[in-house]
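K.L.:
Return atomic coordinates for the entry below.
(one chain, ligands or ions: 1)
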Amino acid sequence: MLHEDFYSRYYPAVASSQANASYCEQLYGKNMNQHGFAEVAHLKHLLRETRLGPGQRALDLGCGTGLITEHLAERSGAHFTGIDLEPDAIRQAKKRARGRPDLDFQVMDMAELDFPPASFNAVTAVDTLYFTPLGQTLEGLLPLLKPGGRLAVFWSQGCDPGEPLESFDRRTLPPNFTELGVELNRLGMAYRTLDYSRSDYEHAQRKLAIAESLKAEFEAEGNLFLYEDHIQEANGVIRAFEANAHARYLYLAWWL
Ligand SMILES: C[S@@+](CC[C@H](N)C(=O)[O-])C[C@H]1O[C@@H](n2cnc3c(N)ncnc32)[C@H](O)[C@@H]1O
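P.N.:
This next block holds a predicted model:
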């Protein structure tokens with residue numbers, strides 16, 4: 001399934017799925033309609049590293065239904081703008097954010113960002129930069145950072161589930177050699193990384209167990225595709241990590 005087709009089905013389904021709400025609460029620590037690997041504790045690290053605070057502004061790329069964005073805004077006191085390509089997700093986000101001065105949501109392609117230069121103290125991307133021409137997107141978003149601003153990206157680098165393990169190039173696993181690291185190097189950005197590789201493996205194992213325990217509930221709701229997607233994602237990371245073909249990092253990047 002193309003990822004656009006997947007998300008146009010995913011976001012309407014999770015809006016009312018009790019099984020998925022329970023899955024997210026158990027796995028991530030809070031139901032935020034997540035479709036990635038970032039737990040609440042990891043978002044805390046992201047906020048600590050971006051040093052966002054009241055009076056500052058941030059942009060969250062690929063925000064889905066905006067619950068992660070809302071969490072980040074509430075925990076930091078900063079204003080957040082969330083963008084996503086999926087109209088139903090943004091419709092849900094806007095409905096919840098009505099009347100809130102700290103949140104703003106827009107349907108927008110992260111490869112064609114439309115904001116004035118130096119708009120944001122931080123740009124965050126939680127498991128979203130895989131779906132876009134990476135170089136073009138970074139070239140568009142980096143000028144949006146204010147002086148001293150930071151880009152924070154959760155990035156997994158590994159062998160995709162459909163790809164043979166033998167053909168995966170393990171030299172791309174260290175932070176400087178991932179697709180993201182290579183692009184940040186090309187653009188002359190300074191960055192440092194926190195390593196979440198093993199914690200991602202442990203997350204995937206919990207993902208598998210929690211999804212399995214909720215299979216009957218997903219099925220009863222007619223949402224078996226959510227269960228199947230969670231299982232496929234978890235198995236993909238487990239298989240790759242056990243073959244030394246998976247890494248995950250939080251990148252913090254800034255202009256020198
Ligand atoms: C893996 S999900 C991550 C969502 C959320 N950040 C999370 O961690 O749960 C990727 C998100 O990126 C969005 N997306 C994909 N391509 C995009 C693009 N070109 N511009 C904006 N959003 C995009 C998808 O609609 C989806 O909501």
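
K.L.:
got the contact list for the helix or strand where residue 45 lies?
P.N.:
Here residue 45 sits within helix 40-50, counting by DSSP states H and E. Helix 40-50 is contacted from outside by 28-30, 38, 58, 68, 71-72, 75-76, 121-122, 124, 126, 150, 152, 154, 194, 196, 199, 250, 252, using CB atoms under 8 Å, 6 or more residues apart in numbering. Glycine gets a C-beta too; all of them are placed from N, C-alpha and C.

K.L.:
Among those, which ones are in helices?
P.N.:
28, 68, 71, 72, 75, 76, 199 (DSSP state H).

K.L.:
Please tell me how far the nearest residue to residue 92 once chain neighbours are set aside sits from the ligand.
P.N.:
Excluding its sequence neighbours, the residue lying closest to residue 92 (CB to CB, 6 or more residues apart in numbering) is residue 65, at 4.4 Å. Between residue 65 and the ligand the computed distance is 8 Å (CB to the nearest ligand atom, to the nearest Å).

K.L.:
before we move on, what about residue 236?
P.N.:
Distance from residue 236 to the ligand, by CB to the nearest ligand atom: 13 Å.

K.L.:
show me the contacts for that residue.
P.N.:
158, 160, 161, 204.

K.L.:
just residue 224 next, same as before
P.N.:
215, 218.

K.L.:
Quick check: it vs the ligand, distance?
P.N.:
Counting by CB to the nearest ligand atom - residue 224 and the ligand are separated by 20 Å.

K.L.:
Could you do residue 38 as well?
P.N.:
Residue 38 is 5 Å from the ligand, by CB to the nearest ligand atom.

K.L.:
most neighbours, which of the contacts of residue 236?
P.N.:
residue 158 (24 neighbours; other CB atoms under 10 Å).

K.L.:
in the sheet, who's paired with that residue?
P.N.:
Per DSSP bridges, the residues bridged to residue 158 are residue 246.

K.L.:
I'd guessed it sits against residue 170; true?
P.N.:
No - applying CB atoms under 8 Å, one finds residue 158 not in contact with residue 170, separated by 9.6 Å.

K.L.:
Identify the contacts common to these two.
P.N.:
residue 245.

K.L.:
give me phi/psi at the residue lying closest to residue 107 once chain neighbours are set aside?
P.N.:
Leaving aside its chain neighbours, residue 107 sits nearest to residue 90 (4.8 Å; criterion: CB to CB, 6+ apart). For residue 90, the backbone dihedrals are phi -70, psi -30 (criterion: degrees, to the nearest 10).

K.L.:
Tell me which residues touch residue 90, please.
P.N.:
66, 82, 83, 84, 105, 106, 107 are the contacts of residue 90 under CB under 8 Å, 6+ apart.

K.L.:
is it possible to export those residues to JSON lines including neighbour count and secondary structure?
P.N.:
Listed next are the contacts of residue 90 as JSON lines, based on neighbours: other CB atoms under 10 Å; DSSP: H, G, I helix; E, B strand; the rest coil:
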{"residue": "66", "neighbour count": "27", "secondary structure": "coil"}
{"residue": "82", "neighbour count": "30", "secondary structure": "strand"}
{"residue": "83", "neighbour count": "24", "secondary structure": "strand"}
{"residue": "84", "neighbour count": "26", "secondary structure": "strand"}
{"residue": "105", "neighbour count": "25", "secondary structure": "strand"}
{"residue": "106", "neighbour count": "14", "secondary structure": "strand"}
{"residue": "107", "neighbour count": "15", "secondary structure": "strand"}
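
K.L.:
how close does the spatially closest residue to residue 155 that is not a sequence neighbour get to residue 127?
P.N.:
Excluding its sequence neighbours, the residue lying closest to residue 155 (CB to CB, 6+ apart) is residue 180, at 4.8 Å. Look at residue 180 and residue 127: by CB to CB, to the nearest Å, they are 12 Å apart.
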